[in-house]
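**Student:** What follows is a predicted protein model with its sequence.
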Amino acid sequence: MPSSTARRSSACLCALQLIGAATAVAQVRPDDSAVRARRLARQLELPEQRLAAARELVGLGSAAAQPLRSMLGDPRPDVVAAALWVCAGIDGGDALAADIEPLLHSQEAATALAAMRTLGLLGASGRTIVADYQAGAVLAIEPDGTSNKLFEAKMAMSCVRLPDGHLLVAAYGDDRIVELDGSGREVWTFAGVSSPSHAQRLPNGNTLIADSANTRAIEVTPAGAIVWQYADDVRPIDVERLGNGNTLIGSFNASGAIEVDPKGLVVWRFADGNVRDVDRLVDGTTLLVLTDQQRVVVVDRDGKELRQWKVGFAANEAELLPDGNLLVAGEGTVAELDQGGATVWQQALKYAGHGFRCGRRAPTAPAAAGRDH
């Protein structure tokens with residue numbers, strides 16, 4: 001019969017063997033978050049699952065980066081566009097810039113457009129950039145609530161950050177569109193407009209403009225030649241070129257929101273007299289800012305309302321973030337609302353025309369100018 005010392009030695013040896021086996025299993029078993037991220041990234045292939053998958057991927061943080069990198073090589077432009085949208089909202093998204101840059105030259109318009117947008121949002125994580133119409137300035141609001149002035153322009157209505165870090169500004173009161181480099185120097189301007197409300201740089205170098213007072217949407221070359229326009233019963237406040245070549249136009253007290261093809265045929269319409277912003281989401285639905293109703297809604301192709309946010313102020317612009325929150329800018333404020341409509345962050349402004357979020361804003365301690373709720 002073994003002695004008590006021998007039995008203890010045997011038990012210790014078995015315990016060590018079990019610990020070693022468990023360690024070996026842990027070393028070869030993929031991290032749960034990595035497995036989950038790969039599964040969620042594959043769900044981006046299905047339009048009806050994209051928004052929910054995006055929210056969860058953002059929650060996984062940097063673990064989502066590698067699966068999203070893999071999705072960038074998918075042959076389907078809509079899948080790549082969905083992955084790019086999520087890339088702009090995850091922690092660690094900046095590390096994907098080198099993988100995204102070649103997509104700027106994609107022959108697929110949907111891919112190139114999405115790459116332009118995403119690259120414009122990387123490299124300034126957590127910063128919110130807003131055009132304050134009444135203050136006559138484009139402001140950068142840091143995650144801690146402090147802000148600084150990037151550019152002064154009479155009645156600045158909108159701004160877009162380009163892949164090279166330049167800003168494209170619609171200077172409503174100056175009757176021009178201006179592009180600024182990182183030092184604030186003007187590198188391009190187009191003055192053949194009246195009260196422009198928004199501008200979008202396209203992958204071919206042209207610029208799509210909401211030429212509001214001239215009641216038209218136009219596309220101009222870098223040399224300033226107009227190569228496309230739509231001017232049938234619109235007063236554009238917002239314009240967006242889609243991956244299929246069509247253009248979304250949101251109008252002030254005119255035709256509501258419409259989608260027109262390159263020949264000017266209206267292929268979709270949402271009839272409301274004052275739609276200040278219209279965005280086509282990655283699942284095929286459409287986000288609309290109904291300013292007079294102080295609401296932001298999502299509708300399907302038939303115009304059926306799927307969800308709403310009651311914002312409580314006259315909004316000009318709204319952006320659905322990959323984490324499911326809504327960034328909305330308008331009269332007196334720019335605010336971030338959660339999925340239930342509760343305000344989770346807010347910054348007082350005079351009159352915000354257009355705003356966007358660069359990456360994900362981490363919750364911070366309240367500051368004098370901005371606050372978390």
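**Tutor:** Yep, that arrived.
**Student:** Low-confidence stretches in the protein?
**Tutor:** Residues of the chain meeting the criterion pLDDT under 70: 1-31, 362-373.
**Student:** What residue spans form the domains of it?
**Tutor:** 32-120, 124-372 (automatic domain parsing).
**Student:** Is it possible to get TSV of those domains that adds mean neighbour count?
**Tutor:** For glycine as for every other residue, the C-beta is placed from the backbone atoms N, C-alpha and C. Formatted as TSV, the domains of the chain follow (neighbours: other Cβ atoms under 10 Å):
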stretch	mean neighbour count
domain 32-120	19
domain 124-372	19
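**Student:** in its sheet, what does the top strand by length along the chain sit against?
**Tutor:** Using DSSP state E, we find that the single longest strand of the chain is strand 343-358. Using DSSP bridges, strand 343-358 pairs in its sheet with strand 127-132 (antiparallel), strand 326-337 (antiparallel), strand 370-372 (antiparallel).
**Student:** for those strands, which one sits closest to residue 239?
**Tutor:** Checking the strands paired with strand 343-358 against residue 239 by Cβ to Cβ gives strand 127-132 as the closest, at 15.3 Å.
**Student:** Against which helices or strands is whatever helix or strand comes next after that closest one packed?
**Tutor:** Downstream of strand 127-132, the first helix or strand assigned by DSSP states H and E is strand 137-141. Secondary-structure packing of strand 137-141 (3 or more Cβ pairs under 8 Å, 6 or more residues apart in numbering; DSSP states H and E): strand 127-132, strand 147-152, strand 156-161.
**Student:** what do you get if the cut-off is 6 Å, keeping everything else the same?
**Tutor:** On a contact count with 3 or more Cβ pairs under 6 Å, 6 or more residues apart in numbering; DSSP states H and E, strand 137-141 meets strand 127-132, strand 147-152.
**Student:** Export the helix or strand hosting residue 120 to CSV, keeping only CA atoms.
**Tutor:** Taking DSSP H and E as the criterion, residue 120 maps to helix 109-121. In CSV, the C-alpha atoms belonging to helix 109-121 read as follows (Å, rounded to 0.1, in the frame of the first residue of the first chain):
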residue,chain,number,x,y,z
ALA,A,109,-18.4,53.1,-57.2
ALA,A,110,-20.0,51.8,-54.0
THR,A,111,-16.6,50.6,-52.7
ALA,A,112,-14.7,53.8,-53.6
LEU,A,113,-17.4,56.1,-52.1
ALA,A,114,-17.4,54.1,-48.9
ALA,A,115,-13.6,54.1,-48.7
MET,A,116,-13.5,57.9,-49.1
ARG,A,117,-16.0,58.4,-46.3
THR,A,118,-14.2,56.0,-43.9
LEU,A,119,-10.7,57.3,-44.5
GLY,A,120,-12.1,60.8,-43.9
LEU,A,121,-13.2,59.7,-40.4
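**Student:** Quick check: the nearest residue to residue 127 once chain neighbours are set aside vs residue 172, distance?
**Tutor:** Excluding its sequence neighbours, the residue lying closest to residue 127 (Cβ to Cβ, 6 or more residues apart in numbering) is residue 358, at 4.6 Å. Per Cβ to Cβ, to the nearest Å, residue 358 is found 23 Å from residue 172.
**Student:** ok, back up a step: which one of the strands paired with strand 343-358 lies nearest to residue 75?
**Tutor:** strand 326-337 (31.6 Å).
**Student:** quick one: contacts of the closest one?
**Tutor:** Contacts with strand 326-337, where a contact means Cβ atoms under 6 Å, 6 or more residues apart in numbering, come from 130, 309, 311, 313-321, 325, 343-349, 351-352, 355, 357.
**Student:** From the contact counts, what lies against the helix holding residue 120?
**Tutor:** By 3+ Cβ pairs under 6 Å, 6+ apart, helix 109-121 packs against helix 77-87, helix 97-100.
**Student:** give me that answer again for 7 Å
**Tutor:** Helix 109-121 sits against helix 77-87, helix 97-100, strand 156-161, with contacts defined as 3 or more Cβ pairs under 7 Å, 6 or more residues apart in numbering; DSSP states H and E.
**Student:** What lies in contact with that helix?
**Tutor:** Outside of helix 109-121, the residues within contact range by Cβ atoms under 7 Å, 6 or more residues apart in numbering are 77-78, 80-81, 84-85, 87-88, 97, 100-101, 103-104, 106, 160-163, 201, 203, 241, 243, 245, 358-359.
**Student:** tell me the contacts of residue 283?
**Tutor:** Neighbouring residues of residue 283 by Cβ under 7 Å, 6+ apart: 47-48, 50-51.
**Student:** which one of the helices and strands packed on strand 137-141 lies closest to residue 303?
**Tutor:** Of all the helices and strands packed on strand 137-141, strand 127-132 sits nearest to residue 303, with 29.2 Å by Cβ to Cβ.
**Student:** So what angle separates the directions of the closest one and strand 156-161?
**Tutor:** 150 degrees (axes from the mean of the first three to the mean of the last three Cα atoms, to 10 degrees).
**Student:** CA atoms only: put strand 127-132 into CSV for me.
**Tutor:** Extracted C-alpha coordinates of strand 127-132, given in CSV (Å, rounded to 0.1, in the frame of the first residue of the first chain):
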residue,chain,number,x,y,z
ARG,A,127,-13.6,64.1,-32.4
THR,A,128,-16.9,65.6,-33.5
ILE,A,129,-16.6,68.2,-36.3
VAL,A,130,-19.5,70.6,-36.7
ALA,A,131,-20.3,73.6,-38.9
ASP,A,132,-21.9,76.2,-36.7
